[in-house]
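[1] sequence first, then the predicted structure:
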Amino acid sequence: MPQREIDASSISQAVAGLCQEANYFLPPDVTGSLKEAAQSEESSLGREILKQILENAEIAARERLPLCQDCGCAVVLLEVGQDVHVSGGGIDEAVGEGVRRGYTEGYLRKSMVRQPFSARVNTKDNCPPVIHTRMVPGDRLKIVLMPKGGGSENMTRLFMLLPGQARQGVIDAVVRAVDEAGSNPCPPVVVGVGIGGTADKAVLLAKEALVRTLGQPHPDPEMADLEKELLQKINALGIGPQGFGGRTTALAVHVEVFPCHIASLPVAVSIQCHSARHRETVL
Amino acid sequence: MAKKIALPLTDRTLDELRAGDDVLLSGVIYVARDAAHRRMIEALDQGKPLPFDVKGQTVYYMGPSPAKPGQVIGSAGPTTSGRMDIYAPRLIAEGLKGMIGKGMRSRTVKEAMKQHRAVYFAAIGGAGALISKKIKKSEVVAYGELGAEAVLRIEVEDFPAIVVNDIYGGDLYEEGKARYRRP
């Protein structure tokens, strides 16, 4: 099988573009979901908030201004075809260079600090990104860039449930995580749920679930059913847009599952704000 | 219909504001977030003056994105206020009258607001581009080396916000949620 050459510089260029586009343009599925909510929301204050959120997206796109001043930690999901050969530099370095350029040239806020528990000095280029790489068949390189805001990321929860707690335990854990997060993660939110694997795997699944297209149910009917029930229970909490009260607390719940150990039932909840930014490209 | 409010807040305005009020703020606001708060509290501990007199003023928890050439400021939405809860009561006791951010405050902060007559407004989290249009002037007044975390003095016109906590103990997050919660 011949290898396909991809130059590191083309990866950097692609990543730089994704950083800017992701921060200026809200994905159409998110805009569509917010528009629907602006119609259906019962609270008049909630409807007004949703209108302003949509107006914000229009201004951001028109003027190429960041949708939110928190341009996030650059989370990068890579799918590397095993027949790809990257030349001219390391792949992680190439992604980092793209983040550096994208955030600097795009007037995006740099929010990464070194020494998390002590000096907390800004790295001034939003590097390093957080990169998750998967090897897949083929000769393509897929890059998904998700700027992840700090306010919503801080609401991430991991529950190591007992296997006997089963489906109801999962529901209670997810609803509790969203309820306790309240107004902090900028509702209406997108809720990513990772069930199974190990603790680390569950959290990654929850994160990956956030980049799925909104409103597209899981292909497995059992998971789709769980997503539906979770969304209904979360929207019964009353938190509403920005936490001011209302029916639209979450726009969507996305569940991802993985087999797990006989002793375990890990459940991770990753929350994304209404500015559910992500952008992808395939090289 | 939003009420127009002039800053700095007067005693009369503080009396009138109620949790849930939709307001448009105009006037001067000081911007400070995590690192600036830490430094301000250190200054108070050492008996040094604060970078600005907080008496009667309003603080906005925010760290903007960089301004493009010709812009006053980049995107400028609120950050999560809860992280400032450990510092806020001290500044409220020093005379701070208004705070703008997003998300719930601790019981200690809410008690300090009641005791010293201060209010907490929420701005719309994630509406940074929209809010940047309401900021007419911006200058760094302290800790410039902190970059996005520096203390700014900004002038705003019709800055949209919602009263979350008033001086009477009202709390929109609790009241709003209770109103729409289903068993």
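    Arrived safely, thanks for sending. Nothing here was measured: the structure is a model prediction, and the numbers come from that model.
[2] give me the mean pLDDT for stretch A:30-42.
    Mean pLDDT, stretch A:30-42: 97.
[3] close to chain B, is the longest helix seen in chain A?
    Within chain A, and with DSSP state H defining each element, the longest helix by residue count is helix A:44-63. Yes: under the criterion of C-beta under 8 Å from any C-beta of the partner chain, chain B is reached by helix A:44-63 at A:45, A:48-49, A:52-53, A:55-57, A:59-60, A:63. C-betas here are computed from N, CA, C, even on glycine.
[4] please list only the buried members of those.
    A:45, A:48-49, A:52-53, A:56-57, A:59-60 (16 or more other C-beta atoms under 10 Å in any protein chain shown).
[5] relative to A:C71, which of those residues is nearest.
    Taking C-beta to C-beta as the measure, A:C71 sits nearest to A:A60 out of those, at 11.3 Å.
[6] these two touch, right, that closest one and B:I131?
    No: at 11.3 Å, A:A60 and B:I131 do not qualify as touching, with contact defined as C-beta atoms under 8 Å.
[7] joint contacts of those two?
    When contacts are counted by C-beta atoms under 8 Å, 6 or more residues apart in numbering or on different chains, A:A60 and B:I131 have B:S75 as shared neighbours.
[8] quick one: pLDDT of the closest residue to chain B within chain A?
    Distances between chain A and chain B by C-beta to the nearest C-beta are smallest at A:G245, namely 2.3 Å. On pLDDT, A:G245 comes in at 97.
[9] circling back: mind giving me the packing neighbours of the following helix or strand past the longest helix of chain A?
    The C-terminal neighbour of helix A:44-63 among helices and strands, as given by DSSP states H and E, is strand A:73-81. With contacts taken as 3 or more C-beta pairs under 8 Å, 6 or more residues apart in numbering or on different chains; DSSP states H and E, strand A:73-81 sits against helix A:91-105, strand A:130-136, strand A:141-148.
[10] just these: most buried one?
    Ranked by mean neighbour count under mean count of other C-beta atoms under 10 Å in any protein chain shown, the helices and strands packed on strand A:73-81 are led by strand A:141-148, which reaches a mean of 23.
[11] what residue ranges in chain A score low on pLDDT?
    A:1 (pLDDT under 70).
[12] again, 80 this time
    By pLDDT under 80, the weakly predicted segments of chain A are A:1-2.
[13] helices along that one, start to end?
    For chain A, applying DSSP H gives helices covering A:8-24, A:28-40, A:44-63, A:91-105, A:150-153, A:166-181, A:199-209, A:221-234.
[14] and for chain B?
    With DSSP H as the criterion, chain B has helices spanning B:11-16, B:34-45, B:88-93, B:107-116, B:128-132, B:172-180.
[15] if you count neighbours, what's buried in the second one?
    Meaning helix B:34-45. Buried-residue list, helix B:34-45, by 16+ other C-beta under 10 Å: B:34-41, B:44.
[16] and for the fourth one?
    Residues of helix B:107-116 classed as buried under the neighbour-count rule (16+ other C-beta under 10 Å) are B:109-110, B:112-113, B:116.
[17] coming back round to it: other SSEs contacting the longest helix of chain A?
    In terms of contacts (3+ C-beta pairs under 8 Å, 6+ apart), helix A:44-63 is packed against helix A:28-40, helix B:128-132.
[18] how about a cut-off of 10 Å?
    Packed against helix A:44-63 by the contact rule (3 or more C-beta pairs under 10 Å, 6 or more residues apart in numbering or on different chains; DSSP states H and E) you find helix A:8-24, helix A:28-40, strand B:22-31, helix B:128-132, strand B:151-165, helix B:172-180.
[19] in JSON lines: these, plus distance to A:E208 and mean neighbour count.
    Supplementary listing: those in JSON lines, determined by distance: least, C-beta to C-beta, whole Å; neighbours: other C-beta atoms under 10 Å in any protein chain shown:
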{"stretch": "helix A:8-24", "distance to A:E208": "16", "mean neighbour count": "22"}
{"stretch": "helix A:28-40", "distance to A:E208": "16", "mean neighbour count": "17"}
{"stretch": "strand B:22-31", "distance to A:E208": "35", "mean neighbour count": "19"}
{"stretch": "helix B:128-132", "distance to A:E208": "26", "mean neighbour count": "27"}
{"stretch": "strand B:151-165", "distance to A:E208": "34", "mean neighbour count": "22"}
{"stretch": "helix B:172-180", "distance to A:E208": "30", "mean neighbour count": "19"}
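[20] contacts only, for the nearest residue to A:G243 once chain neighbours are set aside.
    For A:G243, the nearest residue in space outside its immediate sequence neighbours is A:S183; the separation is 2.4 Å by C-beta to C-beta, 6 or more residues apart in numbering or on different chains. When contacts are counted by C-beta atoms under 10 Å, 6 or more residues apart in numbering or on different chains, A:S183 touches A:151, A:239-245, A:249, B:80-82, B:102-104, B:122, B:125, B:164, B:172-173, B:176-177.
[21] quick one: which of the helices of chain B is nearest chain A?
    Set against chain A and scored by C-beta to the nearest C-beta, those come closest in helix B:172-180, at 2.3 Å.
[22] ok, and does stretch A:214-233 reach over to chain B?
    Yes: judged by C-beta under 10 Å from any C-beta of the partner chain, stretch A:214-233 and chain B are in contact via A:232-233.
[23] how far does that stretch sit from its chain's centre?
    Distance of stretch A:214-233 from its chain centroid, counting by C-alpha atoms, centre = their mean, to the nearest Å, is 17 Å.
[24] can you tell me how far the residue most central in space within chain A is from A:A276?
    If you average the C-alpha coordinates of chain A and look for the closest C-alpha using C-alpha atoms, centre = their mean, you land on A:L210, 4.2 Å from that point. Using C-beta to C-beta, to the nearest Å, one gets 7 Å for the distance from A:L210 to A:A276.
[25] common neighbours of the two, please.
    A:146, A:152, A:189-190, A:252.
[26] which two among those are spaced furthest apart?
    Pairwise distances across the shared contacts of A:L210 and A:A276 peak at 15.1 Å for A:M146 and A:A252 (criterion: C-beta to C-beta).
[27] which ones are touching the closest residue to A:G106 other than its chain neighbours?
    In space, A:G106 comes closest to A:Q20 once its chain neighbours are excluded; the distance is 3.9 Å by C-beta to C-beta, 6+ apart. Each residue near A:Q20 by C-beta under 10 Å, 6+ apart is listed here: A:64, A:66, A:71, A:101-103, A:105-108, A:145, A:279.
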